[in-house]
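Participant: Give the three-dimensional model of this entry:
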Amino acid sequence: MLAIPNDLIEQINKHIEAAYPEEGAGFLLGNDGEVKEILSLPNMREDEARHNRFLFTPEDYLKAELKADSLGLSLIGVFHSHPDCPNIPSEYDREWAQPFFSYIITRVDKGKSVSHRSWRLVEDRSKYEEEEIKIS
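Facilitator: Below you'll find the model as predicted:
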């Protein structure tokens with residue numbers, strides 16, 4: 001199970017709704033399946049692909065790791081949006097995912113966040129399993 005406070009969900013919503021109709025994304029920081037902070041980042045994918053792909057740079061990963069360390073937290077996952085399509089992981093998502101991370105995917109319809117689901121890639125990287133997400 002992944003636990004995340006409502007105020008962080010609202011921050012995610014604000015970021016990904018502002019990114020619409022492109023994908024918005026960022027990192028989840030926390031400990032033991034509990035999100036304590038998020039780091040919203042710009043989508044660095046080339047312009048023509050941002051509507052259905054996101055990209056973090058190596059500098060983005062470093063920034064996230066340094067922020068987590070400074071707060072006594074760990075990098076525990078990623079959030080991103082699926083504009084006007086289901087919030088289930090795509091094959092592209094699976095190819096780029098890391099086992100042990102939680103992946104919150106938010107469906108955004110016509111610029112408005114409508115639902116959040118969380119997924120974890122199994123260790124052999126063959127598929128995702130949905131994990132319960134507790135928003136409190």
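Participant: the bottom helix or strand of this protein by mean pLDDT?
Facilitator: Ranked by mean pLDDT, DSSP states H and E, the helix or strand of the chain with the weakest confidence is helix 91-96, at a mean of 87.
Participant: mind checking how far it is from the chain centre?
Facilitator: Computed by Cα atoms, centre = their mean, to the nearest Å, the chain-centroid distance of helix 91-96 equals 13 Å.
Participant: okay, that helix in CSV with CA atoms only?
Facilitator: Only the C-alpha atoms of helix 91-96 are listed here, as CSV (Å, rounded to 0.1, in the frame of the first residue of the first chain):
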residue,chain,number,x,y,z
GLU,A,91,4.2,-0.7,-22.4
TYR,A,92,6.5,2.3,-22.7
ASP,A,93,5.9,3.0,-18.9
ARG,A,94,6.9,-0.6,-18.2
GLU,A,95,10.1,-0.5,-20.3
TRP,A,96,11.3,2.6,-18.4
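Participant: Closest to the mean position in this protein, which residue would that be?
Facilitator: The chain has Phe79 as the residue nearest its centroid, 0.8 Å off, counting by Cα atoms, centre = their mean.
Participant: Let me know whether it touches Gly30 as I believe.
Facilitator: No. Counting by Cβ atoms under 8 Å, no contact exists between Phe79 and Gly30, whose distance comes to 12.0 Å. For every residue, glycine as well, the C-beta is placed using N, CA and C.
Participant: dump the residue contacts of the residue lying closest to Pro5 once chain neighbours are set aside.
Facilitator: Closest residue to Pro5 apart from its sequence neighbours, by Cβ to Cβ, 6 or more residues apart in numbering: Ser136 at 6.0 Å. For Ser136, the contacting residues are 3-6, by Cβ atoms under 8 Å, 6 or more residues apart in numbering.
Participant: Please spell out which residues along the least confident helix or strand of the chain are buried.
Facilitator: By neighbour count with 16 or more other Cβ atoms under 10 Å, helix 91-96 contains the buried residues 93-94.
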